[in-house]
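Participant: Structure here, sequence nowhere to be found:
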């Protein structure tokens, strides 16, 4: 767990209160930690999930907006809402 937390923290870069953070893979181990870290720093968190079942967990951890990446393209959805991101967090598979 320590390595997961460190990976998430280092990957978030210069996060600050009010930052808009997109977390791709919100239900991965590092994604779950990244959501919590981003919220602790006061960021607005947008996360992708792979199912409605995982959406409840991601929202409980602090994600404001959720997009099921198997159903919709997160950039199209958030672009239609005129939403932009300060940080995009993605850990390669």
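Facilitator: That came in fine, so what should we check first? Keep in mind that this is a model prediction, so the values were computed, not measured.

Participant: Residue 60 - how many residues pack around it?
Facilitator: By other Cβ atoms under 10 Å, the residues close to residue 60 number 9. Every residue, glycine included, has its C-beta placed from N, CA and C.

Participant: gap between the residue nearest the centre of the chain and residue 78?
Facilitator: Nearest to the mean C-alpha position of the chain, by Cα atoms, centre = their mean, lies residue 23 at 2.4 Å. Note on residue 23: its distance to residue 78, by Cβ to Cβ, to the nearest Å, is 12 Å.

Participant: and if you look at residue 32?
Facilitator: 20 Å.

Participant: now residue 69
Facilitator: In terms of Cβ to Cβ, residue 69 sits 12 Å off from residue 78.

Participant: now residue 70
Facilitator: 16 Å.

Participant: Check which helices and strands the helix or strand hosting residue 79 sits against.
Facilitator: Assigned by DSSP states H and E, residue 79 belongs to helix 74-80. Under the contact definition 3 or more Cβ pairs under 8 Å, 6 or more residues apart in numbering; DSSP states H and E, helix 74-80 sits against strand 44-49, strand 65-68.

Participant: before we move on, back to that, who touches the residue nearest to the centre of the chain in this structure?
Facilitator: Residues near residue 23 by Cβ atoms under 8 Å, 6 or more residues apart in numbering: 31, 34-35, 38, 45-48, 63, 89.

Participant: how does it look with 7 Å?
Facilitator: When contacts are counted by Cβ atoms under 7 Å, 6 or more residues apart in numbering, residue 23 touches 31, 34-35, 45, 47, 89.

Participant: Could you give the bridge partners of it?
Facilitator: residue 47, residue 89 (DSSP bridges).

Participant: that older thread, same drill for residue 70 and residue 78, tell me which one is more crowded.
Facilitator: residue 78 (18 against 9).

Participant: Could you report the separation of residue 54 from residue 33?
Facilitator: Distance from residue 54 to residue 33, by Cβ to Cβ: 15 Å.
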